[in-house]
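J.: Need the 3D shape of this:
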Amino acid sequence: MSTHEPPLKEPTLLEKETSTKFLITLKVEAEELYDLPYPPTKADIYKHCYITDNGHGEDWNGKEIEHFESIVLRGELIEWEGKTTKVFPKNEYKVAIESVVYAYFKKNELDDAERENFFNSMAICRTNGKGVMSHIRNDIRSGKLVHIYNINFNISKHNDVVRRYSIDPRLKIEA
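T.: Alright, predicted model coming up:
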């Protein structure tokens, strides 16, 4: 028997772009947020939501959402998922990401917002019950720019009564 293995093939540009998946997870205290008077305040939403990622840089787990910053790479595939912070019997509460919408970027607190969308469209929507995914553009500027975007999500109770919410975390793109 031969132990000769075929030579490794160089990946195509598309394969390179899709080979890395960056996961951003929105964890929601679904029961607590759902039971608040609707619509809740932004502070109430932030109080019951947490974000984690499998990031490249600083550990942002546990930081407040308005200060949460994921560090991503150009061409990287980003996936957003929504989860409840606890398991409910018979799927009493479910969290689903509906869309991710580009807002703007700032170099720092004093700069005016400019538009340079880091995705290929202004909004990325969930399709066919699957998660929300998109690539970061390869030609986007990187560095100290902080891009602000909205995660629009819903909580359903008993699979029929849906309430919609929005949060605005940040992305920083590194070379």
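
J.: I figured Ser142 hits Arg74, correct?
T.: Yes: contact criterion Cβ atoms under 8 Å: Ser142 and Arg74 qualify, at 6.2 Å. In short, each C-beta sits where N, CA and C put it, glycine included.

J.: For this structure, which residue occupies the most central location?
T.: Central residue of the chain (Cα atoms, centre = their mean): Trp80, 4.0 Å from the mean position.

J.: rewinding a little: what about Ser142 and Arg74, which has more around it?
T.: Neighbours per residue (other Cβ atoms under 10 Å) separate Ser142 from Arg74, with Arg74 holding more: 17 against 14.

J.: How much space separates the more buried one from Ser156?
T.: Distance of Arg74 to Ser156, given as Cβ to Cβ, to the nearest Å: 35 Å.

J.: coming back round to it: what residues are bridge-paired with the residue nearest to the centre of the chain?
T.: Ile24, Val132 (DSSP bridges).

J.: and what of Glu69?
T.: Here Glu69, judged by DSSP bridges, has bridge partners Arg170.

J.: Surely it touches Pro169?
T.: Yes: counting by Cβ under 8 Å, Glu69 touches Pro169, with 7.2 Å between them.

J.: neighbour count winner among these two?
T.: Applying other Cβ under 10 Å to Glu69 and Pro169 shows that Pro169 carries more neighbours, namely 25 against 19.

J.: The more buried one reaches Ile65, doesn't it?
T.: Yes: with contacts counted by Cβ under 8 Å, Pro169 reaches Ile65, the gap being 5.6 Å.

J.: Overlap of the contact sets of these two?
T.: Ile51 (Cβ atoms under 8 Å, 6 or more residues apart in numbering).

J.: What segments of the chain are helices?
T.: Shown for the chain, the helices assigned by DSSP state H span residues 13-18, 30-34, 42-47.

J.: ok, and for the shortest one, which residues are buried?
T.: Going by neighbour count (16 or more other Cβ atoms under 10 Å), the buried part of helix 30-34 is Ala30, Glu31, Leu33, Tyr34.

J.: Not including adjacent chain positions, what is the nearest residue to the second one?
T.: Using Cβ to Cβ, 6 or more residues apart in numbering and skipping the chain neighbours, the partner closest in space to Glu31 is Tyr93 (5.7 Å).

J.: Find the nearest non-adjacent residue to Asn117, please.
T.: Asn117 sits nearest to Tyr102 (Cβ to Cβ, 6+ apart), 4.6 Å away.

J.: ok, Ile140 to Glu116 distance?
T.: For Ile140, the distance to Glu116 - Cβ to Cβ - is 7 Å.

J.: Specify which residue of the two has the higher count of neighbours.
T.: Ranked by neighbour count (other Cβ under 10 Å), Ile140 and Glu116 place Ile140 first, with 17 against 13.
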